[in-house]
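A.B. asks: quick one: sequence plus predicted model below, questions after.
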Amino acid sequence: MSMRLFKKTAALGILISILAGFSGCWDSKEIDTIQIVTGVGLDKAENDEYVDISIQIAKTSPSAPGTKDSNGNGDSKIILESSKQTILEGVAELNLNNSRSPIFHHNQVLLISADLAKEGITEYLDAFMRDREARLEVLVVIVDGEAKEMLQADFEQEKVSGIFLRRTIRLLSNVTPEYSVRMIDLASRLRDESISPVATLVRLEDNDDKKNLLVEGMAVFDSEGKMIGNIDADEMRGYVWAMGKVEQGRVAVECEYGRAAFQIISMDCKRNVKLNEKGQVNVSFDVDATLNIGELRGFENLTPSELISHLIEETEGEIEDTIKGTFQSMQDLGADIYGVGLDLKRHHPKQWDKLKDRWEDYFSEAELELDVNVRIPGTGQIKKSLEMEDGENES
């Protein structure tokens, strides 16, 4: 080998060695030095100036079968706890007292107890949004009870409750996107005075030594980030139907002829907001729904054509009453969760400037007009209920 070729080969080897040194992640961390956070819970502390912080850690290397950690949890997770004046101080304390550092990149959910939410959540959201490791897409869920207990719960379907909550809300989001409230969504509403923030409200239920997750509805907040009320499960239907983009769900009606249950194929709602001559806010909802008959009981005295006509009339009335009921509840609360003010702000900015300082009052006095149109393509594979068939045979 000539000296010139030898020098070229040596230089190439040195270059490869230098480049190999830069191929790794400069800020990478070994797996045995970190803890994967799957859930964070915030509860009201005994000291009013403090906040109780619970962090759920998914175990990456389970211990022997049947063993439990010092917190009494099973093999799937560990709960770390701290109580400090700020989130940053609490997380710092957890870092000091553990051999592994919590990593929030994979956090599934931020749980906040209703008691703490009633005092305000803005400062806590601000703390997480400033953390470069926090995910702005993380779900925010309000707990009717203690957030720590929710993180500690073992569900039959999934032992890591943070992951179970995420999956449950994803399924609900197939019905309507309103169930999925991310940190960035909540923060955006808090910054906008024209719409009241909401977040999914859940509760933990004990049933024969088993833990069940109940979705109670939505927590409602004022512009200062304080929880001022909630929508229950029945009122939740009126809210999501008015917001539109519903692709699943149920509608049930009962009348003098019988009872019927329907599957929602699609439901959309177009909204129009304007001011009348007296300066009062007028809100109109135009709802278009397509339903399939799921079950019929009774109706033996009606022909199929009479049946469809009657069912359309009944379902339109049910949808209208449900939407109106929820809207009235929110007016009583002074909470514009629909974004009526946001529509006014976008399409009539000059009028909005005159109303925004007293928007809660204007919304509470707004007039609602509803136009519901239901389409039922047919009666399904069976044109008549068995009871209708029996009635005809007897005659």
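C.D. replies: Yep, it's here.
A.B. asks: show me where the chain has helices.
C.D. replies: In the chain, the segments counted as helices under DSSP state H are 3-21, 87-96, 114-117, 122-130, 147-152, 161-173, 183-191, 233-243, 304-333, 340-347, 349-355, 359-364, 386-394.
A.B. asks: to Leu275, which of those lies closest?
C.D. replies: helix 349-355 (5.7 Å; CB to CB). Every residue, glycine included, has its C-beta placed from N, CA and C.
A.B. asks: for that closest one, C-alpha coordinates in CSV please.
C.D. replies: Taking C-alpha atoms only, helix 349-355 is exported to CSV below (Å, rounded to 0.1, in the frame of the first residue of the first chain):
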residue,chain,number,x,y,z
PRO,A,349,-67.4,42.2,16.1
LYS,A,350,-68.8,45.7,16.6
GLN,A,351,-71.9,44.4,18.4
TRP,A,352,-69.8,42.0,20.4
ASP,A,353,-67.6,44.8,21.8
LYS,A,354,-70.8,46.4,23.2
LEU,A,355,-71.9,43.2,24.9
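A.B. asks: now do the buried residues in that helix.
C.D. replies: Gln351, Trp352, Leu355 (16 or more other CB atoms under 10 Å).
A.B. asks: distance to Gln152 and pLDDT for the residues you listed - can I get that in TSV?
C.D. replies: Shown next, in TSV, are the buried residues of helix 349-355 (distance: CB to CB, whole Å; pLDDT from 0 to 100):
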residue	distance to Gln152	pLDDT
Gln351	50	89
Trp352	46	91
Leu355	46	91
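A.B. asks: can I get the residues you listed in CSV including distance to Ile53?
C.D. replies: Formatted as CSV, the buried residues of helix 349-355 follow (distance: CB to CB, whole Å):
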residue, distance to Ile53
Gln351, 44
Trp352, 39
Leu355, 40
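A.B. asks: for Leu88, give its distance to Glu133.
C.D. replies: 12 Å (CB to CB, to the nearest Å).
A.B. asks: residues near Leu96, how many?
C.D. replies: 8 (other CB atoms under 10 Å).
A.B. asks: tell me the domain boundaries of the chain?
C.D. replies: 29-231, 245-395 (automatic domain parsing).
A.B. asks: what's the closest of those domains to Gly238?
C.D. replies: Using CB to CB, the domains of the chain put domain 245-395 closest to Gly238, at 3.0 Å.
A.B. asks: next one: the closest one to chain centre, how far?
C.D. replies: Distance of domain 245-395 from the chain centroid (CA atoms, centre = their mean, to the nearest Å) equals 22 Å.
A.B. asks: for stretch 138-155, same thing?
C.D. replies: On the basis of CA atoms, centre = their mean, the separation between the geometric centre of stretch 138-155 and that of its chain is 13 Å.
A.B. asks: now distance to Ile103 too, for the helices of the chain, in a markdown table please.
C.D. replies: Listed next are those as a markdown table, based on distance: least, CB to CB, whole Å:
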| stretch | distance to Ile103 |
| --- | --- |
| helix 3-21 | 25 |
| helix 87-96 | 11 |
| helix 114-117 | 24 |
| helix 122-130 | 14 |
| helix 147-152 | 17 |
| helix 161-173 | 14 |
| helix 183-191 | 17 |
| helix 233-243 | 34 |
| helix 304-333 | 39 |
| helix 340-347 | 36 |
| helix 349-355 | 43 |
| helix 359-364 | 41 |
| helix 386-394 | 59 |
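A.B. asks: of those, flag the one that's most buried.
C.D. replies: Per-stretch averages of neighbours, counted by mean count of other CB atoms under 10 Å, single out helix 147-152 among the helices of the chain, with a mean of 24.
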